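*Asks:* Sharing a model that was predicted from the sequence below.
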Amino acid sequence: MTQQEKRQVPIVDKFQKPRNTKQTLKRLLNYLLAFRAKLALVIVLVLISSISTVAASYLLKPLINDYIGPLTGTNPSGDDYLPLIRFLMVMAGIYLSSILASYLYNYQMMKITNSVLNNLRRDLFNKIQDLPIKYFDTHTHGEIMSRFTNDVETFRQAISNGFVQFISSTVSVLGIFILMIVLSPILTLIIVLTLVVMFLIIKKIGSNSAKFFKKQQKELGEVNGFVEEMIEGQKVVKVFCYEENIVEDFNKKNENLRIAATDANTYANIIMPIMGNLGHLNYAATAAVGAILCINGMLDIGSLASFLQFTRQFSQPITQISQQINAILAAFAGAERIFEVLDQPKEF
């Protein structure tokens with residue numbers, strides 16, 4: 001089959017919605033579970049980091065009420081500062097343990113990620129060797145190459161950041177929520193109402209973002225395949241004076257990619273500003289209501305300071321999860337394309 005004829009073959013690798021999302025997730029987890037011991041260590045380190053951060057924020061309450069408050073309005077001696085200094089050293093130790101654990105789990109997760117990508121490329125390359133000639137006749141070289149480059153690389157962000165971020169955010173949100181109830185149920189109600197609004201927004205934007213990310217991956221594969229074929233077939237193009245037709249075809253495919261990428265990243269990029277502004281509004285409302293409670297003797301200053309710190313930390317994990325949704329959606333889009341190749345029948 002000539003290069004010219006191959007360009008006329010319709011591309012049958014259309015990006016469809018996953019037929020079995022659970023099965024796709026299970027297959028992805030199989031690659032991760034090959035490193036169970038390292039993953040277990042990562043989970044332990046993530047828990048240490050998250051719990052330490054939450055605990056240190058809660059210690060603001062006794063720091064202000066029991067150590068700083070009694071010193072205000074007095075003329076303390078040097079000995080009076082010793083309990084405060086010891087308490088600050090304890091808080092510093094907790095923060096340092098969180099930083100150390102964070103460094104170690106990021107380092108381990110990077111090693112796991114690269115090993116998973118290595119195994120995935122190996123399986124994909126081995127599968128390519130067993131495919132029949134018909135498959136290569138109906139799929140452009142660049143489109144197949146995109147499985148090794150674009151689709152495999154989508155896992156890097158999803159695995160290295162998405163996995164640990166999900167665990168860290170879940171632990172942080174649960175821990176912070178429990179301590180916020182302990183500090184002030186009234187202020188916690190404000191947080192819950194804001195949280196409901198955040199989830200509704202993420203659900204709406206995420207559903208639209210998923211659709212366009214799948215389309216973006218499909219269009220990117222077609223552009224890469226087209227460019228690859230044109231580079232290999234330049235002699236044929238020159239002989240038949242096909243340059244204008246090639247430019248026109250490329251412009252159409254490139255424009256389709258631009259539209260798909262614009263739509264996908266538009267939804268992806270508006271999540272962060274929306275979540276950030278909601279977080280600021282939530283913080284301002286919490287501070288105002290908390291001040292009223294303090295004036296009326298229903299809340300102490302230390303509890304309010306600790307709660308306000310939790311308010312910032314509570315919205316941050318939710319915002320981070322919303323950001324990781326885009327990476328996860330892209331990873332699933334790439335996974336569908338990779339597993340489609342791995343599921344192709346072998347040539348006997």
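*Replies:* Yep, it's here.
*Asks:* Does anything pack onto the helix or strand containing Lys204? Which helices or strands?
*Replies:* Assigned by DSSP states H and E, Lys204 belongs to helix 185-232. Helix 185-232 sits against helix 3-8, helix 141-146, helix 164-183, helix 243-295, helix 301-342, with contacts defined as 3 or more C-beta pairs under 8 Å, 6 or more residues apart in numbering; DSSP states H and E. C-beta: built from backbone N, CA, C; applies to glycine.
*Asks:* Make CSV out of these and add mean neighbour count and distance to Ser98.
*Replies:* Below are those laid out as CSV (neighbours: other C-beta atoms under 10 Å; distance: least, C-beta to C-beta, whole Å):
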stretch, mean neighbour count, distance to Ser98
helix 3-8, 14, 56
helix 141-146, 20, 40
helix 164-183, 19, 11
helix 243-295, 15, 21
helix 301-342, 21, 12
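*Asks:* And these: which comes nearest Ala37?
*Replies:* helix 164-183 (16.0 Å; C-beta to C-beta).
*Asks:* Could you check the angle that closest one makes with helix 301-342?
*Replies:* 150 degrees (axes from the mean of the first three to the mean of the last three C-alpha atoms, to 10 degrees).
*Asks:* Identify the residues contacting helix 164-183?
*Replies:* Here helix 164-183 makes contact (C-beta atoms under 8 Å, 6 or more residues apart in numbering) with 42-43, 46-47, 49-51, 53-54, 57-58, 61, 105-106, 109, 187-188, 191, 303, 306-307, 310, 313-314, 317-318, 320-321, 324.
*Asks:* so what pLDDT did Tyr81 get?
*Replies:* Note on Tyr81: pLDDT of 81.
*Asks:* can you pull the contacts of it?
*Replies:* With C-beta under 8 Å, 6+ apart, Tyr81 has these contacts: Leu71.
*Asks:* Distance of it relative to Ile301?
*Replies:* As judged by C-beta to C-beta, to the nearest Å, Tyr81 and Ile301 stand 20 Å apart.
*Asks:* Ser97 now?
*Replies:* Separation of Ser97 from Ile301 (C-beta to C-beta) stands at 27 Å.
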